[in-house]
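Peer 1: Provide a 3D model corresponding to the input given below.
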Amino acid sequence: MTKKSELRQDLVSKDWIVIAPGRGKRPSQYAVRKKKRIRAPIGTCPFEDPQKSGNKKPILVRKNAHGWELQIVENKFPALQHRKLCAATSGHGPYLTMAGAGYHDLLITRDHDANFPRLSPRQALQVFQAFRDRYLMLAGDECVSYLSIFHNWGKDAGASVYHPHYQLIALPIIPPDIWHSLLGSLEYFASKKRCVHCVMIDWERKEKKRIVYENEGAIVIAPFVSRGPFEVRVFPKKHLPYFENTLDADLVGVVDALQAALRLVEKRLGDPDYNFFIHTAPIKNKVDYEPYHWHIEIIPKVSVPAGFELGTGIDINVVDPDVAAGVLRA
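Peer 2: Okay, here's the model as predicted:
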């Protein structure tokens with residue numbers, strides 16, 4: 001356990017972070033919500049009946065005896081829009097530009113109040129199966145290089161609507177964070193002949209200090225190089241580079257671990273807002289990315305980046321990951 005400040009380098013990205021537990025509050029003081037989360041009224045919710053609210057016909061829908069249970073629709077306010085031709089780069093003075101071509105979808109679940117950790121195991125698995133199905137649909141578009149799948153829970157995490165929903169944005173480029181992670185994974189494999197994430201998992205299981213939750217198929221850890229307080233990651237134990245190729249038998253463990261991790265975050269940290277997102281290998285050039293290991297990252301909104309972080313790109317984490325894991329496990 002670190003008591004004094006310490007610089008740590010990420011094994012994959014090579015980015016440096018600062019662990020500075022002396023600057024922060026006691027971990028028990030990180031319960032951020034003093035009052036019950038404000039519930040938006042159902043009567044004015046645009047996702048109670050997405051089509052009545054002006055959304056197009058679902059791209060994908062799952063039904064039960066009572067009607068739709070889950071649906072994927074185009075975002076009415078997309079960051080990127082589908083175009084017939086692939087976007088090409090062009091010059092604007094010294095700059096490169098590209099048309100905002102892509103896809104921006106929403107996955108909406110039926111229950112107005114059931115966020116991901118409150119879904120039944122079957123419903124939670126169904127969400128990830130729908131992610132995978134839509135991923136495979138978009139992978140057939142030659143213009144798509146990467147699909148970002150993420151969830152914003154709460155206003156501080158960027159959610160503008162209370163009703164639980166998830167976003168999928170298909171990009172014509174590989175995002176910088178993903179690219180750095182890919183390069184780091186490939187470089188480590190070229191040098192050590194092992195998956196860097198598998199090495200991390202083996203080390204965490206050996207040390208046992210930063211494991212938050214574990215089942216037969218997945219593990220949740222507070223990374224040794226955590227960028228912020230109580231950051232956790234969910235890894236399938238099996239080496240799986242591509243989310244979209246993951247079988248149901250392997251998804252079950254990951255989904256269970258994600259739900260367990262989010263329940264612990266909510267319980268131990270006072271129901272904070274949070275983001276979670278999937279990092280996976282890109283859609284194209286699949287043979288090149290076999291050393292990668294897809295995973296999910298959870299970022300609770302319990303701190304705010306300040307001048308140093310913004311000015312240097314170096315994050316300061318004021319909660320030692322060993323302590324964070326202990327708080328979440330307790």
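Peer 1: contacts, neighbours, all on C-alpha from now
Peer 2: Fine.
Peer 1: Quick check: I17 is in a strand.
Peer 2: Yes: judged by DSSP: H, G, I helix; E, B strand; the rest coil, I17 forms part of a strand.
Peer 1: I'd say it and F224 touch.
Peer 2: No: using Cα atoms under 8 Å, I17 is not in contact with F224, being 10.4 Å away.
Peer 1: which one of the two has more residues nearby?
Peer 2: Each of I17 and F224 has its neighbours counted (other Cα atoms under 10 Å); I17 has more, 21 against 18.
Peer 1: Could you list which residues are in contact with the more buried one?
Peer 2: 7-10, 225-227, 314-317 (Cα atoms under 8 Å, 6 or more residues apart in numbering).
Peer 1: repeat for N152
Peer 2: Residues near N152 by Cα under 8 Å, 6+ apart: 158-159, 166, 273-276.
Peer 1: From those, keep the buried residues only.
Peer 2: 159, 166, 273-276 (16 or more other Cα atoms under 10 Å).
Peer 1: Of all pairs in the residues you listed, which one is the farthest apart?
Peer 2: Y166 and D273 (14.3 Å; Cα to Cα).
Peer 1: Y213: what's its closest spatial neighbour, skipping adjacent residues?
Peer 2: Closest residue in space to Y213, ignoring its immediate chain neighbours: V220 at 5.0 Å, by Cα to Cα, 6 or more residues apart in numbering.
Peer 1: ok, now C198?
Peer 2: According to Cα to Cα, 6+ apart, the nearest residue to C198 is H239 (7.0 Å).
Peer 1: for the strand or helix carrying H180, what is the average pLDDT?
Peer 2: Element membership for H180, per DSSP states H and E: helix 176-192. Predicted confidence along helix 176-192 averages 95 (mean pLDDT).
Peer 1: Just the buried residues of it, please?
Peer 2: 178, 180-182, 184-189.
Peer 1: any chance of these in CSV, plus distance to R210?
Peer 2: Listed next are the buried residues of helix 176-192 as CSV, based on distance: Cα to Cα, whole Å:
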residue, distance to R210
I178, 24
H180, 24
S181, 21
L182, 24
G184, 22
S185, 22
L186, 25
E187, 25
Y188, 22
F189, 24
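Peer 1: E309: which of these is nearest?
Peer 2: H180 (18.5 Å).
Peer 1: Could you find the closest non-adjacent residue to that closest one?
Peer 2: S13 (5.6 Å).
Peer 1: how about low-confidence regions in the chain?
Peer 2: Filtered on pLDDT under 70, the chain yields the residue ranges 1-2, 24-35.
Peer 1: give me that answer again for 50
Peer 2: Along the chain, segments meeting pLDDT under 50 are nowhere present.
Peer 1: which residues of the stretch 151-300 of the chain fall in helices?
Peer 2: 176-192, 196-207, 248-268 (DSSP state H, counting those that start in this stretch).
Peer 1: so what secondary structure elements neighbour the longest one?
Peer 2: Read that as helix 248-268. Identification of packing neighbours for helix 248-268 by 3 or more Cα pairs under 8 Å, 6 or more residues apart in numbering; DSSP states H and E yields helix 121-139, strand 211-214, strand 218-221, strand 232-236, helix 321-329.
Peer 1: same check, this time on the shortest one
Peer 2: For helix 196-207, the contact count by 3+ Cα pairs under 8 Å, 6+ apart identifies helix 176-192 as packing neighbours.
Peer 1: now the angle from the helix it packs on to helix 196-207?
Peer 2: For helix 176-192 against helix 196-207, the angle by axes from the mean of the first three to the mean of the last three Cα atoms, to 10 degrees is 80 degrees.
Peer 1: Find out how far helix 176-192 is from the centre of the chain, if you would.
Peer 2: Offset of helix 176-192 from its chain centre (Cα atoms, centre = their mean, to the nearest Å): 19 Å.
Peer 1: What lies in contact with it?
Peer 2: Residues contacting helix 176-192 (Cα under 8 Å, 6+ apart): 11-14, 194-197, 279-281, 289, 291-292.
Peer 1: Using the centroid of the chain, identify the residue furthest from it.
Peer 2: Centroid-distance maximum for the chain: G93 at 35.6 Å, with Cα atoms, centre = their mean.
Peer 1: List the contacts of that one.
Peer 2: No contacts exist for G93 under Cα under 8 Å, 6+ apart.
Peer 1: re earlier: from the buried residues of helix 176-192, which single one is nearest T89?
Peer 2: For these, the nearest to T89 is I178 (20.2 Å; Cα to Cα).
Peer 1: returning to what we had before: neighbour-wise, which one of the contacts of I17 leads?
Peer 2: Within the contacts of I17, most neighbours by other Cα under 10 Å means S226, with 27 neighbours.
Peer 1: I figured that residue was touching N317, is that so?
Peer 2: Yes: contact criterion Cα under 8 Å: S226 and N317 qualify, at 7.0 Å.
Peer 1: ends of stretch 54-74, how far apart?
Peer 2: Stretch 54-74 has its terminal residues 11 Å apart, counting by Cα to Cα, to the nearest Å.
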